[in-house]
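> I would like to see how this sequence folds:
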Amino acid sequence: MDRPGESQLTWPDDLRRLSRKDFLKGAFVLGVGAALGGGLSACGSSGSQATTTASGAKAVRGGKLTVAYIGGGSSETLNPNAPVADIDDARTLNLYESMFRLDADLNLEYLLAESAEPNADGSQWTIRLRSGVTFHDGSAFGADDVIYTLKRIADPKNAANQQALVSSLVDVPSIKKLDNLTIRLPLKTANVFLPYLFYDDSFSVVKEGWVNSDPPNGTGPFVFQSWKPGQYSVFTRNPDYWQSGLPYLNELQLVSIPDPTARFDALLGGEVDGMESLSYAQATSLRHTSQAVVLQGNGPNSVPIYMAVDLYPFQDVRMRQAMRLIANRPQLVEEAQEGYGQIGNDIAGKGLPGYDAAIAQRVQDIDQAKFLIKQAGHEGMNLTLYSSTVATGMLESATVFATEASQANFTVTVKELAADIYFGPVYLKQNFAQSEWFSQPLVTRWSQSMAPGAEFNETHWSDPQWDTLYAQLIAQPDVGKQRELEYELQQIEWERGGYLDWGFYPTLDGLGHAVRGIEPNKGGPLGGGVYSKTWLAT
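Okay, the predicted model is just below:
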């Protein structure tokens with residue numbers, strides 16, 4: 001019998017069976033004097049063809065890899081500058097490339113850039129681009145494409161994820177092409193961390209003149225063939241990829257399966273080779289069987305509860321503090337995450353360089369929570385907490401928290417939204433909801449969630465003192481002073497921020513036994529979602 005809502009799906013012929021069964025090793029505390037041009041990892045080469053992997057095993061060429069993601073339903077997009085769902089990111093990462101990216105340990109690598117050097121005060125960057133790179137249509141990649149992409153992102157009509165960041169940071173009209181492979185990037189304000197803000201896949205470079213209605217045309221390891229939003233994407237090997245010998249696969253298929261049980265069934269049945277986001281129970285089950293392999297990425301990922309600091313009732317800092325005091329963090333980790341991971345302290349990035357472990361660990365204090373709620377005039381209030389199964393442990397933690405809230409004579413009603421629409425039209429508009437964040441260097445996370453112009457400002461954060469300190473941080477070339485500012489920023493967030501970051505968890509994904517070349521990644525599911533080095537053992 002078909003699962004509800006699946007009978008209407010249309011799959012490619014060989015996927016129809018699925019309709020039954022989804023900073024730095026040390027923070028970027030890198031001063032301007034380190035001149036990034038010599039301090040980052042290089043990625044790839046134009047040397048001899050690779051046939052042996054880093055593990056020493058012979059890679060088998062050919063074959064088709066099928067990977068199941070949660071998906072984003074009808075809101076899925078092919079716009080590489082505006083991905084939202086994880087499957088959007090996976091499409092973007094395999095079809096396109098950015099100038100920089102993070103490796104599995106959150107170290108910055110060059111990708112389409114070969115070097116990036118700031119001037120003395122970090123107000124201007126000179127970026128040298130990689131030679132010998134071509135787009136999928138055969139045209140050469142160069143400076144004009146990067147300049148066009150940055151201008152495209154900055155243009156509000158394109159609704160790019162990083163529009164606010166680029167517009168506020170870069171003096172876009174004054175970007176200068178020095179030669180076919182070199183650009184000079186003038187900034188409105190000094191920023192010594194710029195490559196860490198530009199690594200995201202939403203900075204993927206498109207060919208000059210490309211518009212959203214055009215077929216995908218990137219420089220990535222795979223070439224677009226077809227897709228149906230909310231269902232599947234089909235890509236083939238890029239024979240002219242600049243990283244010689246890669247990719248190993250002939251074909252890559254990404255399929256959207258929102259239901260976690262259906263994704264798991266597809267993996268166990270051999271209908272997909274990998275799946276995003278095992279539940280904790282599924283991961284534990286696999287560890288006691290030989291049906292598939294658990295891929296565990298041990299970064300401080302989280303599904304925090306967020307409170308909009310400008311919306312009722314959380315414009316009152318006492319209500320934000322009360323919610324944080326209601327949370328029994330050990331209980332949340334034990335019950336919602338089945339013991340995986342560790343407790344959080346309402347600031348992101350536990351264990352990463354720059355994380356302030358000296359801040360006192362917040363613990364449950366129901367009496368103080370009651371006092372603050374009464375003082376704020378909200379005794380007996382009923383709040384709706386929006387949640388979903390879009391991320392492992394999200395709905396479970398919302399349910400546990402709602403039970404804990406009842407101890408404070410405060411009612412929290414959990415409203416579950418479907419996984420394929422959760423990050424859709426109402427995202428960023430709720431006053432009380434949950435989110436999902438994979439591990440990132442601290443400055444990157446702040447740039448995306450709290451800094452002026454942040455693309456995912458879920459808490460509607462705007463704090464003059466915090467903003468001033470953040471501006472000082474991104475302009476500060478001295479490593480020691482950077483760390484002091486990071487600690488001050490975290491202290492403010494701990495005292496009056498909008499996140500209830502109760503716990504951190506590892507990513508847990510499932511792989512078939514034939515899959516090779518996908519390694520644990522601190523920063524996201526399925527080894528980071530790039531399949532250029534993935535191969536299938538025979």
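
> rest of the way, CA atoms for contacts and neighbours
Noted.

> ok, which stretches of the stretch 401-538 of the chain are helices?
For the stretch 401-538 of the chain, the helices defined by DSSP state H, counting those that start in this stretch occupy 442-449, 464-474, 479-496.

> of all these, which one is nearest D316?
helix 479-496 (9.6 Å; Cα to Cα).

> helices and strands around that closest one, which ones?
With contacts defined as 3 or more Cα pairs under 8 Å, 6 or more residues apart in numbering; DSSP states H and E, helix 479-496 has these neighbours: helix 317-326, helix 464-474.

> and these: which comes nearest L511?
helix 317-326 (36.4 Å).

> so what touches the closest one?
For helix 317-326, contacts defined as Cα atoms under 8 Å, 6 or more residues apart in numbering pick out 307, 309, 313-314, 346, 362-366, 368-370, 372-373, 375-376, 401, 404-405, 408, 495-498, 500.

> and the angle from that helix to helix 479-496?
Helix 317-326 and helix 479-496 are oriented at 90 degrees to each other (axes from the mean of the first three to the mean of the last three Cα atoms, to 10 degrees).

> I'd like the average pLDDT over helix 317-326.
Averaging pLDDT along helix 317-326 gives 98.

> sort out which residues of the following helix or strand past it are buried, please.
Per DSSP states H and E, helix 317-326 leads on to helix 329-336 as the next helix or strand towards the C-terminus. Neighbour-count burial for helix 329-336, counted by 16 or more other Cα atoms under 10 Å, picks out R329, P330, Q331, L332, V333, E335, A336.

> so what strands line up beside the next helix or strand after helix 329-336?
Downstream of helix 329-336, the first helix or strand assigned by DSSP H and E is strand 342-343. If you go by DSSP bridges, strand 342-343 pairs up with strand 503-511 (antiparallel).

> my reading is that L267 lies in a helix. Confirm?
Yes - L267 forms part of a helix when assessed by DSSP: H, G, I helix; E, B strand; the rest coil.

> highest mean neighbour count out of the helices and strands packed on helix 479-496?
Comparing the helices and strands packed on helix 479-496 by mean neighbour count (mean count of other Cα atoms under 10 Å), helix 317-326 ranks first with a mean of 23.

> output that one as CSV, nothing but the C-alphas.
Coordinates of each C-alpha in helix 317-326 appear next as CSV, following Å, rounded to 0.1, in the frame of the first residue of the first chain:
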residue,chain,number,x,y,z
VAL,A,317,14.0,39.5,28.0
ARG,A,318,12.5,37.9,31.1
MET,A,319,10.5,35.6,29.0
ARG,A,320,13.5,34.5,27.0
GLN,A,321,15.4,33.9,30.2
ALA,A,322,12.4,31.9,31.6
MET,A,323,12.3,29.6,28.6
ARG,A,324,16.0,28.9,29.0
LEU,A,325,15.5,28.1,32.7
ILE,A,326,12.7,25.7,32.0
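
> quick revisit: tell me the one among the buried residues of helix 329-336 nearest to P239.
Ranked by distance to P239 (Cα to Cα), these are led by A336 at 45.0 Å.

> neighbours of V133, how many?
20 (other Cα atoms under 10 Å).

> ok, now which ones touch it?
Applying Cα under 8 Å, 6+ apart, the residues near V133 are A140, F141, T219, Y241, W242.

> got the phi/psi numbers for the nearest residue to the third one once chain neighbours are set aside?
To tie it back to what came earlier, the one meant is T219. Taking Cα to Cα, 6 or more residues apart in numbering, and ignoring the residues beside it in sequence, T219 has F135 as its nearest neighbour in space, at 4.5 Å. Dihedral angles phi and psi of F135 (degrees, to the nearest 10) take the values phi -80, psi 170.

> now S290
phi -120, psi 20.

> could you check the pLDDT of it?
Confidence for S290, expressed as pLDDT, is 87.

> roughly how far apart are it and D265?
S290 is 15 Å from D265, where distance means Cα to Cα, to the nearest Å.

> ok, now S204?
Relative to D265, and taking Cα to Cα, S204 is found at 33 Å.

> between these two, who's got more neighbours?
The neighbour comparison of S204 against D265 (other Cα under 10 Å) goes to S204, with 28 against 15.

> wait, which of the helices and strands packed on helix 479-496 is closest to L106?
Ranking the helices and strands packed on helix 479-496 by proximity to L106 (Cα to Cα) places helix 464-474 first, at 18.5 Å.

> average pLDDT for the closest one?
Model confidence over helix 464-474, given as mean pLDDT, is 97.

> that one packs against which elements?
For helix 464-474, the packing partners by 3+ Cα pairs under 8 Å, 6+ apart come out as helix 479-496.

> what residues sit buried inside the helix it packs on?
For helix 479-496, burial by neighbour count (16+ other Cα under 10 Å) applies to Q482, R483, L485, E486, Y487, E488, L489, Q490, Q491, E493, W494, R496.

> between those residues, which is nearest L178?
Among those, and counting by Cα to Cα, the member closest to L178 is Q482, at 31.4 Å.

> where's the residue nearest to the closest one when sequence neighbours are not counted relative to L485, distance?
Counting by Cα to Cα, 6+ apart, Q482 lies nearest to L473, which is 5.7 Å off, once chain neighbours are set aside. Going from L473 to L485 by Cα to Cα gives 6 Å.

> L111: neighbouring residues, count only.
L111 has 20 neighbours, counted by other Cα under 10 Å.

> quick one: secondary structure of the closest residue to N521 other than its chain neighbours?
Leaving aside its sequence neighbours, N521 sits nearest to A104 (Cα to Cα, 6+ apart; 4.3 Å). Classification of A104 by three-state DSSP places it in coil.

> include distance to G297 when you put the helices of the stretch 401-538 of the chain into TSV, please.
Listed next are the helices of the stretch 401-538 of the chain as TSV, based on distance: least, Cα to Cα, whole Å:
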stretch	distance to G297
helix 442-449	18
helix 464-474	29
helix 479-496	25
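
> next up, the contacts around the residue nearest the centre of the chain.
With distances taken as Cα atoms, centre = their mean, F438 lies nearest the centre of the chain, 5.2 Å away. Applying Cα under 8 Å, 6+ apart to F438 gives the contacts G299, P300, N301, S302, K522, G523, G524.

> now the residues you listed in JSON lines, with distance to R320, pLDDT and neighbour count?
What follows is those, written out as JSON lines (distance: Cα to Cα, whole Å; pLDDT from 0 to 100; neighbours: other Cα atoms under 10 Å):
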{"residue": "G299", "distance to R320": "26", "pLDDT": "91", "neighbour count": "26"}
{"residue": "P300", "distance to R320": "22", "pLDDT": "95", "neighbour count": "24"}
{"residue": "N301", "distance to R320": "22", "pLDDT": "94", "neighbour count": "24"}
{"residue": "S302", "distance to R320": "18", "pLDDT": "96", "neighbour count": "27"}
{"residue": "K522", "distance to R320": "29", "pLDDT": "90", "neighbour count": "24"}
{"residue": "G523", "distance to R320": "28", "pLDDT": "86", "neighbour count": "25"}
{"residue": "G524", "distance to R320": "28", "pLDDT": "87", "neighbour count": "23"}
